[in-house]
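1. After the sequence you'll find the predicted model.
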Amino acid sequence: MYPRLYKSLKNNSFFVFGPRGSGKTTWLAQEFPTATTIDLLHDDTQRLLRASPSRLEGLIPPGQKTIVIDEVQKIPALLDEVHRLIEKRKLRFVLTGSSARKLKRGAANLLAGRALETHFYPLSIWELGKDFDLNKSLSRGLLPAAYQHEDPKRHLSAYVNTYIKEEIYAEGILRNLDNFVRFLEAISFSQAQVLSYAALARDCGVDPKVAASYVQVLEDLLLGKTLPVFSKKAKRRMTSHPKFFLFDTGVWKTLRPKGPLDTDADLEGAGLETLFFHHHQVLGEFTGWDQKLSFWRTQSKLEVDFVSYGSCGLFAFECKRSSMVRSEDLTSLKAFQEDYPSAKCFVLYGGTDERFVDGVQYYPFQKGLEKLPFLLGVSLDPKINSAATS
């Protein structure tokens, strides 16, 4: 069990959204050991409250002021009762969810601003400390159970089959599970790639609008995210298509079939980008900053893996698997430097040396990942970041 860097919002009710298995429940048990926990994954509890949300008050012991409700999206109507109890009895609710889809799309009561939101992610290099292993993270991902499991492939296979497939279907999000299963395999080939809905639709045999709706399902369920193109004050014609990332390298590799034509570069390059993307998101949640992540790609196919832009500054990152980075490998980064001279540019690569050449700072990938807060000018101590929210 690894200590998490998340901080609870003192004396406030709040939502904790995050993928199933990211560690929300374990963290809350540590943060609130005396709280009353109501688990909506428990069939009897779910049936009781689905029939009558007003029964919630009867499940709260006298004198209890903090209540944790696990997987609140199972019964969106329950939020009206939560809202009433916050107002009537001044109770504090901590509400977890592995999906915001039903809550936000169903116009559920999100407590009228009385509860803030924090987003929970799988483990990070800063939480694992000396136990972080780059190759291990690339192969099995950073979901806590998978990272520590004696048989991670079996665990991840069960995760994919019982949660991503069966439970999504059980929630009534999809009409055709077979189409969605084909889509999951097809989207796995788009990891860290520019997303073409037309090509994706052809690969899984559905209409492009259906493919786009499936991508939205993954985003709503916190299992994937699209990355927009950076186009502020663009001096070149830019592409409009986003990149796509499944949230975890282990889940992605479980979904993606590997054949004899796949090279290590194909998989490890996308894996490294996935780890960087994950850590940038985690850092944002720890510090409360306003840095927005995107990528840069022109219509002439010059591309920079990541651009981080906000009050901390403008930063460009290239993630390279190779231990040798040649000058011609940085043509796109140099073009970005020409267009944005104020940008700080970094290469995280498979080599062992740190160096600064022609305005570009090179770091071994793991060292660069560990130093990411320093590179972006923030601290992991929320007391130092005045905007910190979690």
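-> That came in fine, so what should we check first?

2. so where does residue 314 fall, helix or strand?
-> In this assignment (DSSP states H and E), residue 314 forms part of strand 313-319.

3. What is the next helix-or-strand element following that strand packed up against?
-> Proceeding N to C from strand 313-319, the next assigned helix or strand is helix 331-339, under DSSP H and E. For helix 331-339, the elements it packs on are strand 303-310, strand 313-319, strand 344-349, judged by 3 or more CB pairs under 8 Å, 6 or more residues apart in numbering; DSSP states H and E. The way it works is simple: take the backbone N, C-alpha and C, and place the C-beta from them, glycine included.

4. Put the alpha carbons of the shortest one into PDB.
-> Spelled out, that is strand 344-349. Extracted C-alpha coordinates of strand 344-349, given in PDB (Å, rounded to 0.1, in the frame of the first residue of the first chain):
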ATOM      1  CA  LYS A 344      11.200  25.900 -22.800                       C
ATOM      2  CA  CYS A 345      11.900  22.700 -24.700                       C
ATOM      3  CA  PHE A 346      12.700  19.300 -23.300                       C
ATOM      4  CA  VAL A 347      13.500  15.800 -24.600                       C
ATOM      5  CA  LEU A 348      12.800  12.900 -22.300                       C
ATOM      6  CA  TYR A 349      14.600   9.900 -23.900                       C
END
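
5. The very next helix or strand once past that strand: how far from the chain's middle?
-> Using DSSP H and E, the helix or strand that follows strand 344-349 towards the C-terminus is strand 355-357. Its chain's C-alpha centre and that of strand 355-357 lie 31 Å apart, by CA atoms, centre = their mean, to the nearest Å.

6. Does strand 355-357 pack against any helices or strands, and if so which?
-> Secondary-structure packing of strand 355-357 (3+ CB pairs under 8 Å, 6+ apart): strand 360-364.

7. Give me the residues contacting the strand it packs on.
-> With CB atoms under 8 Å, 6 or more residues apart in numbering as the test, strand 360-364 has contacts from 325, 330, 333, 337, 344-356, 371, 375.

8. Now do stretch 318-330, average pLDDT.
-> Stretch 318-330 carries an average pLDDT of 92.

9. and what of stretch 219-231?
-> Stretch 219-231 shows a mean pLDDT of 93 in the predicted model.

10. contact partners of it?
-> Against stretch 219-231 from outside (CB under 8 Å, 6+ apart): 17-19, 98-101, 104-105, 119, 164, 168, 187, 195, 215, 218, 238-247, 251, 277, 293-297, 307, 309.

11. Give me the buried positions along that stretch.
-> Counting neighbours by 16 or more other CB atoms under 10 Å, one finds that the buried residues in stretch 219-231 are 219-225, 227, 229-231.

12. What of stretch 334-349?
-> Applying 16+ other CB under 10 Å to stretch 334-349 flags 334-337, 340, 343-349 as buried.

13. my read: residue 367 touches residue 351, true?
-> No - Residue 367 lies out of contact with residue 351 (CB atoms under 8 Å); the separation is 10.3 Å.

14. Residue 166: what secondary structure?
-> helix (DSSP: H, G, I helix; E, B strand; the rest coil).

15. That one - how many residues pack around it?
-> For residue 166, the count of nearby residues is 12 (other CB atoms under 10 Å).

16. Equivalent analysis for residue 354, please.
-> 12.

17. Let me see the contact set for it.
-> So residue 354 contacts 361-364, 367 (CB under 8 Å, 6+ apart).

18. Quickly list the domain ranges of the protein.
-> 13-119, 128-237+247-263, 278-376 (automatic domain parsing).
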